[in-house]
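Visitor: For reference, the sequence and a predicted model appear below.
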Amino acid sequence: MYEFTYTANASRVIFGRGSLNSIEQEVERLGAGRALVLCTPDRRELAEPVAALLGKRCAGIYAGAIMHVPIESARAATEHAGKVGADCAIAIGGGSTVGLGKAIALESALPIIAIPTTYAGSEMTPIFGLTENGLKRTGRDARVLPRTVIYDPQLSLTLPLPISFVSGLNAMAHAAEGLYARDGNPVMSLMAEEGIRALAKGLRALKQDAANPDARSDCLYGAWLCGTVLGQVGMALHHKLCHTLGGSFNLPHAETHASVLPHALAYNAAAAPEAMRRIARALGASEAEANDPAAAALALHALSQELGIPAGLKSIGMQEDDLDRACQIALANPYWNPRAIEPQPLRALLQRAWSGVAPQPD
Ligand SMILES: NC(=O)C1=CN([C@@H]2O[C@H](COP(=O)(O)OP(=O)(O)OC[C@H]3O[C@@H](n4cnc5c(N)ncnc54)[C@H](OP(=O)(O)O)[C@@H]3O)[C@@H](O)[C@H]2O)C=CC1
Ligand SMILES: O=C(O)/C=C\C(=O)CC(=O)O
């Protein structure tokens, strides 16, 4: 028995090797004539070819993107865009750079073109994040959804493998929670399962050869699918925990997702057996294996080990003494989850995520 509502976001997506070459016509298609190219300070080598392709349509390069978008950086970028008369912004890089483009759009309603080079998926969502006085707030606003997304696998060939792996698990987290979302739908579930499958295939191939163009294409295709899911349906325990941990303890974003995800899935396994079956199946489990709700979390933990992702929040700087406070913060803001958020099981989840042991339901 199906019952659902499905509203598609309106992004235009161009996907393929060399698709970066379409950037000038995509700016023109938006009716724009002066595009400001955004990047982080260390990624100018990504922005310069874009500026060259734009020619007279380029309003310059702004290399001021910073992770978690401090409000000061957003204000400075918006002011600069106004000063140079930009009528469009092009964000080339990871979620931090796309986040800066979103902050400019939130303030100025400039159309954004995103050219992602990690698997974070921000380019496909109307979700923004801004950090002020050390506190990160997120929200949803149609103005921040990039109008056009160009996925060119060539541009992620230089993404280091350790970042590629954790960024891939960040993307898988969007799909996993999308499969048990309260407002999920069959279209998003199909995209979620295919996204996990494509990323598992691509990440495993990257482990063998970081320069494999087909593997980069598989990962970026998976990131598009998973980011689309993130943009369309609500998230739950896993994302709320990662925002708590990232925002309150300044932990690196994708690495935090990679550490927590197997344990969040184990916590929800019994409450979302169909989602777990689809996740396990997408990760390569047989139909018989996938029928065990615990299989998804264990398969994800095994994939992390196979990829050599450092185990546990302790490996990215979280102190064991902070776990009690993390638990209290996570309990303070109620949110929907397929299983009730219970203090003791949540604290046990955080302990296991911190230590990096195998996930287990409790
Ligand atoms: N609003 C949303 O829907 C979403 C938002 N996000 C947000 O995005 C941010 C995380 O995005 P994420 O992509 O993981 O992190 P970053 O944008 O910080 O990128 C991760 C790392 O990859 C490097 N990098 C990116 N592209 C290349 C490349 N082509 N070659 C070499 N290195 C590269 C970056 O280098 P450098 O630092 O030099 O650029 C950085 O060190 C967080 O703030 C998160 O909250 C994430 C998902 C969804
Ligand atoms: O946590 C995620 O991967 C998804 C959303 C965000 O990161 C929101 C944001 O900080 O931009």
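Guide: Great, that's in hand. Ligands and ions are numbered 1, 2, ... in the order given.

Visitor: Only C-alpha atoms from now on, for both contacts and neighbour counts.
Guide: Fine.

Visitor: which parts of this protein sit against ligand 2?
Guide: Selection of the chain residues close to ligand 2 by C-alpha under 6 Å from any ligand atom yields 127, 128, 129, 138, 170, 239.

Visitor: Please report which of those has the highest neighbour count.
Guide: For these, counting by other C-alpha atoms under 10 Å, the largest number of neighbours falls to residue 170: 27 neighbours.

Visitor: can you map out the strands along the chain?
Guide: For the chain, the strands defined by DSSP state E occupy 12-15, 35-38, 58-62, 88-93, 112-116, 127-132, 135-140, 148-151.

Visitor: Export those strands as CSV, with columns for mean pLDDT.
Guide: Output for the strands of the chain, formatted as CSV (pLDDT from 0 to 100):
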stretch, mean pLDDT
strand 12-15, 98
strand 35-38, 98
strand 58-62, 98
strand 88-93, 98
strand 112-116, 98
strand 127-132, 94
strand 135-140, 90
strand 148-151, 98
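
Visitor: Tabulate those (a markdown table), appending distance to residue 159.
Guide: A markdown table is the format used below for the strands of the chain (distance: least, C-alpha to C-alpha, whole Å):
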| stretch | distance to residue 159 |
| --- | --- |
| strand 12-15 | 18 |
| strand 35-38 | 18 |
| strand 58-62 | 21 |
| strand 88-93 | 10 |
| strand 112-116 | 11 |
| strand 127-132 | 23 |
| strand 135-140 | 26 |
| strand 148-151 | 14 |
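
Visitor: re the thing from before, of the residues of the chain next to ligand 2, which is the nearest to ligand 2?
Guide: residue 129 (3.7 Å; C-alpha to the nearest ligand atom).

Visitor: how about the residue of the stretch 201-350 of the chain at minimum distance from ligand 1, what does it touch?
Guide: Nearest residue of the stretch 201-350 of the chain to ligand 1 (C-alpha to the nearest ligand atom) works out as residue 254 at 4.9 Å. Residues in contact with residue 254 (C-alpha atoms under 8 Å, 6 or more residues apart in numbering) are 120, 163, 166, 167, 169, 170.

Visitor: from the residues of the chain next to ligand 2, which are also near ligand 1?
Guide: Contacts with ligand 1 within the residues of the chain next to ligand 2, counted by C-alpha under 6 Å from any ligand atom: 127, 128, 129.

Visitor: so what's the last one bridging to?
Guide: Okay, so that is residue 129. Beta-bridge partners for residue 129, by DSSP bridges, are residue 138.

Visitor: need the contact list for it.
Guide: Residues in contact with residue 129, defined by C-alpha under 8 Å, 6+ apart, are 68, 69, 99, 103, 136, 137, 138, 139.

Visitor: Mind giving me the ChimeraX select for those, buried ones only?
Guide: Typed into ChimeraX, the line below selects the buried ones among these, using 16 or more other C-alpha atoms under 10 Å:
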select :68,69,99,103,136
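
Visitor: so how far is residue 152 from residue 16?
Guide: In this view, residue 16 and residue 152 are 5 Å apart by C-alpha to C-alpha, to the nearest Å.

Visitor: er, residue 55 actually
Guide: 20 Å.

Visitor: Then residue 128?
Guide: Plainly put, residue 128 is 23 Å away from residue 152 if you go by C-alpha to C-alpha.

Visitor: Next, name the residue at the spatial heart of this structure.
Guide: By C-alpha atoms, centre = their mean, the chain has its centre lying nearest to residue 120, at 2.7 Å.

Visitor: remind me which residues of this protein are low pLDDT?
Guide: Applying pLDDT under 70 to the chain flags no residue at all.

Visitor: who in it is up against ligand 1?
Guide: Counting by C-alpha under 6 Å from any ligand atom, the chain sits next to ligand 1 at 40, 42-43, 67-68, 93-97, 117-118, 120-122, 125, 127-129, 155-156, 158-159, 163, 167, 253-254.

Visitor: show me what contacts the residue nearest to the centre of the chain?
Guide: 94, 95, 167, 168, 170, 171, 223, 227, 254.
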